[in-house]
Structure formats: C-alpha cells, structure tokens
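Q: need coordinates for the below:
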Amino acid sequence: MKKQNKGFTLVELLVVIGILGILMAALFPAVAGANLSAKTAACAADGRNLIMGIITANTDRENSGQSSLWPRTSKDESAATDDKVGQGGFSSTYEYFNALFNMDTYGNEDWEPEVDKSLFAKVFGQGVPGPSSSKFEAKNVKWIIGANVENVPGNMPILVTRNVVVGDIERQEYDGKTTEKIKIGQKKGADWDQPFSSDAIVLVRKDGGAQPIKARQCNLKVFYQQGFKLSATGNDTFQYLKAN
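A: Next comes the predicted model:
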C-alpha cells in the first residue's frame, strides 16, 4: 500500500504566518528605537566635534588679536575687509559655514579654513560639495546654528538639527509652563527639512554637551529644560540662523 505524504494545510500555514507577523510587530519598535538612538548619537558626536573645532579656532584667533568666530547677524565694521568670518552679518547657517570653512578657496592649495579640515564633513548631512560646486548648499547642512552667542552660558545649546522649525525656538524668554509642540519633519525645501527625518532633534551646547530629544517629547518646556534658558528681561540677543 502506497504511503501518502501529508503537507501543511491552509489553516496551518495561516497560523504560522500570523505568529510570524506578531513576532515582527513586537520586534519592530525595538529595532526602530535602536536605529534612532544610533542616528542621534552619531549626529550628536558630529555636533560636539564641530563646536569644539569652532572654540579651538576662536581661541587661536583671539590669541592673535583677531575678532570672534561665533556667528553674528550684525556687521562688525572694524574687522578686516578680507575676514568674512570676523565681519559677521550672517543671515543663514550655511552662509556662516561657507565663511568658516573659507569656501572661496576650497579645493585649492591655499585653502585655509578657520576650523580643522577634518571637521569639514561634520557640517553635512548628505555630502560635501562636488567638483562643480565650491560652496555649501543649504540642503546639505544638517544644523541650525545659534547667532550672537559670545556671552551665552556654556550650557545653552547653539546647534539644533535643521528638521525643527526655527520660529518655534526663537524666543527671547520662557515662562516655564508653555508646552506647545515644536514642529519637526521632512518638509522638502523648507528650513525644517532632510537629512534628519521627523523622529527627533539633536541640540548641542556651547560647552560640547549634546542632547537628543525624541519627537514625542519635542515641546518648548522640554527644550528649554535641556539648557535653553534666556533671562526673563528679554534683553538677550540670541537667535537661530536658518539653514536656507
């Protein structure tokens, strides 16, 4: 008598598929969370390196009698005519970085950026200028940078990932209660844009400390509690330069 081979029934296959689906659904948040943590940690490390590079270059300039490297929205008429960083008057983050890294001579033998060349890539999210471009482009800069920060305390963040709307954090004072959400996202072509997605923001303080804040926690109260605290008088001159 011939023995009949019995395969899986449709019901058994559906049960297996259902179990696999449940396992995948259970594992996905953990994997996504680990991926987000890795991305924000890497981004924070880039920001710390960049801030430390600016501080080092700033110290070197001051020791040689030159003006500050911190970005300013006001013009310094006393700065040398060929010192674009010292002159200030920046209206955007990438304009400041173009001056900071001396992009007019990028790729030439006489290229002498203000900060160490090894930090060049830390500025970007998606890549550095190619052979046809000698300038930073706003779409490639992953930071919004604080301006007018010479006298700002070290625990105040001056770098924020550019996927946050600048207007939401451009405040002169804070009452300690407001909990309105900070808009973050991937609106293509705006000042809250790629490359850092809509899952979190990363802020970096002047003293090198960094703090990732996940999207569900992105409100003004949390943001200010992480170190962004201006005086109640509103006399501080602190703002963020837009990326574009």
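Q: any chance you could map the helices in this structure?
A: 10-63, 84-87, 93-100, 220-225 (DSSP state H).
Q: okay, and for the protein, where does confidence drop off?
A: Flagging of the chain using pLDDT under 70 yields the residue ranges 1-8, 27-32, 126-132, 170-174, 189-191, 227-237, 244.
Q: how about the strands in it?
A: 143-147, 157-161, 200-205, 210-214, 239-241 (DSSP state E).
Q: save the ones you listed as a markdown table, and put in mean neighbour count too.
A: Every residue, glycine included, has its C-beta placed from N, CA and C. What follows is the strands of the chain, written out as a markdown table (neighbours: other Cβ atoms under 10 Å):
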| stretch | mean neighbour count |
| --- | --- |
| strand 143-147 | 26 |
| strand 157-161 | 26 |
| strand 200-205 | 25 |
| strand 210-214 | 19 |
| strand 239-241 | 21 |
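Q: and of those strands, who's closest to A26?
A: strand 210-214 (20.1 Å; Cβ to Cβ).
Q: between strand 200-205 and the closest one, find me the angle.
A: 160 degrees (axes from the mean of the first three to the mean of the last three Cα atoms, to 10 degrees).
Q: who does strand 210-214 pair up with?
A: For strand 210-214, sheet partners with direction are given as strand 200-205 (antiparallel), following DSSP bridges.
Q: can you add distance to G86 and give the strands of the chain back as JSON lines?
A: JSON lines is the format used below for these (distance: least, Cβ to Cβ, whole Å):
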{"stretch": "strand 143-147", "distance to G86": "14"}
{"stretch": "strand 157-161", "distance to G86": "18"}
{"stretch": "strand 200-205", "distance to G86": "23"}
{"stretch": "strand 210-214", "distance to G86": "27"}
{"stretch": "strand 239-241", "distance to G86": "17"}
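Q: re the thing from before, could you dump the helices of the chain to a markdown table with distance to K75?
A: Converted to a markdown table, those look like this (distance: least, Cβ to Cβ, whole Å):
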| stretch | distance to K75 |
| --- | --- |
| helix 10-63 | 18 |
| helix 84-87 | 6 |
| helix 93-100 | 13 |
| helix 220-225 | 30 |
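Q: tell me which of these is the most buried.
A: For these, the largest average neighbour count (mean count of other Cβ atoms under 10 Å) is found in helix 93-100, namely a mean of 25.
Q: list the buried ones in stretch 177-184?
A: I182, I184 (16 or more other Cβ atoms under 10 Å).
Q: which residues sit against that stretch?
A: 163-165, 168-169, 192, 198, 200-201, 215, 218-221, 223 (Cβ atoms under 8 Å, 6 or more residues apart in numbering).
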